[in-house]
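A.B. asks: Quick one, structure for this:
(one chain, ligands or ions: 2)
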Amino acid sequence: MRLTVAQATVRFLAAQYTERDGVQQRLIAGCFGIFGHGNVAGLGQALLQAELDDPEQMPYVLGRNEQAMVHSAVAYARMKDRLQTYAVTTSIGPGATNMVTGAALATVNRLPVLLLPADTFADRSAAPLLQELEVPWSGDVTVNDAFRPVSKYFDRVHRPEQLPSALLSAMRVLTDPAETGAVTVCFPQDVQAQAHDWPDELFAHRVWRVARPVPEPADLAHAAALIRNARRPLIVAGGGVGYSGANDALAAFCEATGIPVGLTQAGKGALPFDHEQCLGAIGSTGTTAANTIAAEADLVIGIGTRYSDFTTASRTAFAAPDVDFVNVNVAPIDAVKHAGWAVRADARTFLEALTVDYAVDPAYRAEYTRLDAEWNATVRAAYDADELTQSAVIGAVNDLSDPRDVVVCAAGSMPGDLHKLWQTRDPKGYHVEYGYSCMGYEIAGGLGVALACPDRDVFVLVGDGSYLMMATELVTALQEGLKVVVVLVQNHGFASIGALSESLGSQRFGTRYRYRTKTGRLDGDLLPVDLAANAASLGMPVVRVASREELEAAITAAKASPASTLIHVETDPFANGAPDTGAWWDVPVSEVSTLDSTRSAYETYAEHKAAQRPFLRPTEAS
Ligand SMILES: Cc1ncc(C[n+]2csc(CCOP(=O)(O)OP(=O)(O)O)c2C)c(N)n1
Ligand SMILES: [Mg+2]
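C.D. replies: Residues are numbered from 1 along each chain as shown. Ligands and ions are numbered 1, 2, ... in the order given. Presented below is the predicted three-dimensional model:
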């Protein structure tokens, strides 16, 4: 079959399927793209031809920002449990490098996305091109080499003959749960347009079975022995529980044994908030219930978690001197962390294979049940605050959304507050990107969630800082007829980093959106920025709310409307945080300083630092 490299790529991608548990679905559901001279006549032409032939072959979505398109694709993949994703095509130069942040986000979060940046001519006939990077020390470096460290697979198709192996390798990595992340295949712009005779088999319906790695019997047996010997075991459930569909198996195991569960950001949803063994969030933004239990746990069973610093409170959450770890993960890099007993396995397969005749001590059960009830009362009080605090905003959205609706967030003070306070009722109801915590993910991610789950309402909670960084995909949502409800929390700057700065002695320096005054500092009046008007100018229906009643009415109306809505709410950055639970996060403070604030913060820092553990003691046979 004689096709260009770009036409062959589109045709190949349309024929790739994943299969797990006997169900098949398209791997590449469509292609986001922004065209420039690098891809307009290559991949652009191929996508046009595909759309005219059959609109279902490779649905194309025009985005507004390349980074945002990757966020949308990643959000889509997360909702689809990594079985489906999108491709993203860009031009060369800035269009391509705009995607580097999105690539890192995908790789950090272990989520598949296929990036197809254009590249400078392979034959160099017109070099140097518009937007070409010329480095004096190497003839074959382009800006796209910046994708290498943030991609799980990187390739560049210099010749048509290389295409089949590049595409097959790309599919292998996208569909391998232990390997997956950003996959980048660069297409020099001349190669995209080059014709070649392809074997028909290249375009055959191809199925990639997504593995459920089975635990080694000895690993499983020893994990069971460790559990049987534990007095105060605690499960840390991460994103891997949801991706493997292990929620029911986890619930059954917890109910049978009485072992309680703390949830990471990606793991929220592993159990519903009101499950008897669910202690909610764990770590730096954890609940008092989960963190109190963590402090004395003698066995931590991490399932599908990467153990980020937020999860371990920078290695202070698990304080028992002889704490052991059992780590169940498809990815070896995660399974071996904290010198734990590494069980390389799919979460669901592991839980279903695990048979332990074990039940926790009734006193332990009573203790965590009491702590959990106390925390739930704390949440209710925060939801019901008299003032329109951020916690009250979160409470109103939680109370008035349907259990299956999805809350989306990524950066600022809200992810921590949501981790503590959001009462998750559905495995997919909580979508906070906290692997990369990337400002600007929120609206683009919300679009990806809406694309993946048209039967759920999407609530995007976004701060003014994140909104200003990337609100662009509101326009794409309108274009695609996708409904998103955006709750924009305007507090005139960075409440999160402001509070962090203050606690570290840096006096909220550079975190407020204010005029520069004659003092030379940013200490003037608030800037007259009207983000509600900004959103309205992009075509969004906008509601401004100033009270709890108005907020509730706006949420109810937004739920009832088939269209998107942006709800604009002003909050006070100084009076908004969720209840403090005293957990730590390691952010180093200047060791010497002329400022009293910094010196005193350093003393506090040194005290916390002393509690940090290396977690190097091997978990051995008991
Ligand atoms: C792209 C990016 N740049 C910088 C940061 C560091 N950062 C984390 S939160 C934050 C401020 C967020 O402000 P806003 O969205 O208004 O939320 P608020 O803190 O006010 O709740 C910054 C600068 C980041 N996470 N992502
Ligand atoms: Mg803000």
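A.B. asks: got the residues of the protein near ligand 2?
C.D. replies: Residues of the chain lying close to ligand 2 by CB under 5 Å from the ion are 463, 464, 465, 491. Bear in mind the C-beta positions are built from the backbone N, C-alpha and C, glycine included.
A.B. asks: Now residue 221: phi and psi?
C.D. replies: Reported as degrees, to the nearest 10, the phi and psi values for residue 221 are phi -60, psi -40.
A.B. asks: Contact residues of the protein facing ligand 1?
C.D. replies: 411-414, 437-440, 463-466, 491, 494-497 (CB under 6 Å from any ligand atom).
A.B. asks: Just the buried residues of those.
C.D. replies: Buried subset of those (neighbour count, 16 or more other CB atoms under 10 Å): 411-414, 437-440, 463-466, 491, 494-497.
A.B. asks: Show me the shaky parts of the protein.
C.D. replies: 576, 621-622 (pLDDT under 70).
A.B. asks: For ligand 2, give me its nearest residue in it.
C.D. replies: residue 463 (3.8 Å; CB to the ion).
A.B. asks: who does that residue bridge with?
C.D. replies: residue 489 (DSSP bridges).
A.B. asks: That one touches residue 417, doesn't it?
C.D. replies: No. In this structure residue 463 lies outside contact range of residue 417 using CB atoms under 8 Å: 10.9 Å.
A.B. asks: how about residue 314, secondary structure?
C.D. replies: Judged by DSSP: H, G, I helix; E, B strand; the rest coil, the three-state class of residue 314 is coil.
A.B. asks: Tell me which stretches of the stretch 301-450 of the chain form strands.
C.D. replies: Taking DSSP state E, counting those that start in this stretch, the strands of the stretch 301-450 of the chain run over residues 324-329, 341-344, 406-409, 430-432.
A.B. asks: So which of these is nearest residue 457?
C.D. replies: strand 406-409 (7.5 Å; CB to CB).
A.B. asks: Run the chain-centre distance for the closest one.
C.D. replies: 11 Å (CA atoms, centre = their mean, to the nearest Å).
A.B. asks: mind checking how far residue 464 is from residue 41?
C.D. replies: 40 Å (CB to CB, to the nearest Å).
A.B. asks: An error on my part: the question was meant for residue 11.
C.D. replies: 17 Å.
A.B. asks: now do residue 573
C.D. replies: 49 Å.
A.B. asks: What residues does the closest residue to ligand 1 within the stretch 1-150 of the chain make contact with?
C.D. replies: Minimum separation of the stretch 1-150 of the chain from ligand 1 (CB to the nearest ligand atom) falls at residue 101, amounting to 7.0 Å. Residues near residue 101 by CB atoms under 8 Å, 6 or more residues apart in numbering: 67, 70, 436, 438.
A.B. asks: Then residue 512?
C.D. replies: Counted by CB under 8 Å, 6+ apart, residue 512 has contacts 492, 493, 494, 498, 522, 523, 573.
A.B. asks: Only the buried subset of the residues you listed, as a ChimeraX command please.
C.D. replies: In ChimeraX syntax, the buried subset of the contacts of residue 512 is picked out as below (16+ other CB under 10 Å):
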select :492,493,494,498,522,573
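A.B. asks: Adding secondary structure, write the contacts of residue 512 out as TSV.
C.D. replies: As requested, the contacts of residue 512 are arranged in TSV below (three-state DSSP):
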residue	secondary structure
492	coil
493	strand
494	coil
498	helix
522	coil
523	coil
573	coil
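A.B. asks: Count the residues that sit near residue 459.
C.D. replies: Using other CB atoms under 10 Å, residue 459 is surrounded by 27 other residues.
A.B. asks: My error: substitute residue 356 in the last question.
C.D. replies: For residue 356, using other CB under 10 Å, the count is 16.
A.B. asks: Please identify which residue in the stretch 151-300 of the chain comes closest to ligand 1.
C.D. replies: residue 285 (13.0 Å).
A.B. asks: residues in contact with residue 454?
C.D. replies: residue 482.
A.B. asks: list the contacts for the residue of the chain closest to ligand 2?
C.D. replies: Here residue 463 is in contact with 411, 412, 413, 414, 488, 489, 491, 494, 495, 496 (criterion: CB under 8 Å, 6+ apart).
A.B. asks: State the number of residues packed around residue 16.
C.D. replies: 20.
A.B. asks: isn't it right up against residue 203?
C.D. replies: No. Contact between residue 16 and residue 203 fails when scored by CB under 8 Å: they sit 10.2 Å apart.
A.B. asks: on that earlier part again, mind checking which of the strands of the stretch 301-450 of the chain is nearest residue 536?
C.D. replies: Using CB to CB, the nearest of the strands of the stretch 301-450 of the chain to residue 536 is strand 406-409, at 21.1 Å.
A.B. asks: mind checking the backbone torsions on the residue sitting nearest the centre point of the chain?
C.D. replies: Taking CA atoms, centre = their mean as the criterion, residue 433 is the residue nearest the geometric centre of the chain, at 2.8 Å. Backbone torsions of residue 433, given as degrees, to the nearest 10, read phi -80, psi 100.
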